[in-house]
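S.K.: Model the structure of this input:
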Amino acid sequence: MIVSFRMQMEALKRDCKITVYLPKRYYQEDKHYPVLYIQDGQNAFFDELSYCGISWGFLDYVENMDLDIIMVAIPCNEAGFKRMDEYGPWKINEAFSYQETGIKNKIIGGEGIAYVKWLIDDLKTYIDQRFRTIREDTGIVGSSMGGVISAYAALEYPEVFHKCAALSTAFWFYMDEFTDLIEKHNYQELERFYFDLGEFEGCGDARIDEWYIESNNDIYSMLKDKVESLEYRYFEGAEHNEAQWRQRVPLFMDFFYGGNENV
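M.R.: Numbers count the residues shown, from 1 in each chain. Here you go, the predicted model:
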């Protein structure tokens, strides 16, 4: 069952349409469910709504696997460079901002901290009040810049987001900031952390391919002794798009929920 509603994002001066998937037996049973928050939620369920006509196929996956979880899909802000702003926890430096925008003196990023605060304080609070959730079984997933904000959320608030999947994540925008973030936390409450990348994440730019690989390898080095259940994968020949990420949904979903008695 799909439920939709609009929610204000006061700090970001906009609203957005939230789409919630409820397990098919939700109204026939009295159980509580884990929750997964999906970034770029317009790409989560339906091919016709997805950015490139291919969704991640979450709906098909959970129904085929008879997986009892609640999924909350949050669409990105597609206006101008606002996706980069909202999914960027910190300002991106001038060189990388110019690389992404082609506009001199335009700095992007930096709204992601407010976005995650809204996600925790407003959206998650509402979801936990309206639906029968297991509050301590909360996950978050995203790719590319959506992977950046998902990783930030879990690494800054491991007491809130106990599971994280960050696919094809552009850590290279923020290596100093992520290094500082990881150094200051202990991750006993972070139950599962999955991240991955493909060989060709740079969309034809070999330099960016290398930045993805180097930065993700560095993140792995920082997390491998701090996160007990850590999974890091590399896919030869894989590119940076929804078709690739759809193929990886079974990998991190099984990592999250395989053997979980709540689902």
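S.K.: Show residues contacting the helix or strand of the chain with the lowest mean pLDDT.
M.R.: Counting by mean pLDDT, DSSP states H and E, the chain has its least confident helix or strand at helix 94-101, which shows a mean of 90. Applying CB atoms under 8 Å, 6 or more residues apart in numbering, the contact partners of helix 94-101 are 81, 84, 92, 104-109, 173. Where you see a C-beta, it was placed from the backbone N, CA and C, and this is true even at glycine.
S.K.: Can you go through those and name the buried ones?
M.R.: Among the contacts of helix 94-101, those buried by neighbour count (16 or more other CB atoms under 10 Å) are 81, 84, 92, 107-109, 173.
S.K.: tell me the two of those residues that are most distant?
M.R.: Pairwise distances across these peak at 13.0 Å for 81 and 173 (criterion: CB to CB).
S.K.: Just the helices from this structure, written as ranges.
M.R.: 58-64, 82-86, 94-101, 112-118, 125-130, 145-156, 175-184, 206-223, 242-257 (DSSP state H).
S.K.: Please compute how far the shortest one lies from its chain's middle.
M.R.: Yep, that's helix 82-86 we're talking about. Computed by CA atoms, centre = their mean, to the nearest Å, the chain-centroid distance of helix 82-86 equals 14 Å.
S.K.: Check whether residue 54 really touches residue 47, as I assumed.
M.R.: Yes: between residue 54 and residue 47 there is a contact under CB atoms under 8 Å: 5.8 Å.
S.K.: picking up where we left off before, so for the least confident helix or strand of the chain, what gets flagged as buried?
M.R.: Neighbour-count burial for helix 94-101 flags 96-98, 100 (criterion: 16+ other CB under 10 Å).
S.K.: Dump these to CSV, plus distance to residue 76.
M.R.: CSV is the format used below for the buried residues of helix 94-101 (distance: CB to CB, whole Å):
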residue, distance to residue 76
96, 19
97, 18
98, 22
100, 15
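S.K.: Tell me the one among those residues nearest to residue 234.
M.R.: residue 96 (23.2 Å).
S.K.: From residue 128, how far off is the closest one?
M.R.: With distances taken as CB to CB, to the nearest Å, residue 96 is found 36 Å from residue 128.
S.K.: Also residue 117?
M.R.: Computed with CB to CB, the distance linking residue 117 and residue 128 is 16 Å.
S.K.: How about residue 73: what's its closest non-neighbour residue?
M.R.: Excluding its sequence neighbours, the residue lying closest to residue 73 (CB to CB, 6 or more residues apart in numbering) is residue 41, at 2.9 Å.
S.K.: That neighbour contacts residue 74, correct?
M.R.: Yes: between residue 41 and residue 74 there is a contact under CB under 8 Å: 4.5 Å.
S.K.: Quick check: neighbours shared by the two?
M.R.: Common neighbours of residue 41 and residue 74 (criterion: CB under 8 Å, 6+ apart): residue 18.
S.K.: now residue 144: how far from residue 7?
M.R.: Distance, residue 144 to residue 7, using CB to CB: 23 Å.
S.K.: Ok, residue 98 next?
M.R.: Per CB to CB, residue 98 is found 33 Å from residue 7.
S.K.: And for the chain, the residue most distant from the center?
M.R.: Most distant residue from the mean C-alpha position of the chain: residue 28, 30.2 Å away (CA atoms, centre = their mean).
S.K.: Per-residue pLDDT of it, please?
M.R.: Looking at residue 28, its pLDDT is 93.
S.K.: thinking again about what came up before, with distance to residue 239 as extra columns, can I get the contacts of helix 94-101 in CSV?
M.R.: Below are those laid out as CSV (distance: CB to CB, whole Å):
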residue, distance to residue 239
81, 22
84, 20
92, 23
104, 30
105, 32
106, 27
107, 28
108, 23
109, 24
173, 19
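S.K.: For residue 132, give me its contacts.
M.R.: Shown in contact with residue 132 (CB under 8 Å, 6+ apart): 26, 30-33.
S.K.: top of those by neighbour count?
M.R.: Neighbour counts for the contacts of residue 132 (other CB atoms under 10 Å) peak at residue 33, which has 21 neighbours.
S.K.: Quick check: nearest residue in space to that residue, chain neighbours excluded?
M.R.: Nearest residue to residue 33 in three dimensions, chain neighbours excluded: residue 70, at 4.8 Å (CB to CB, 6+ apart).
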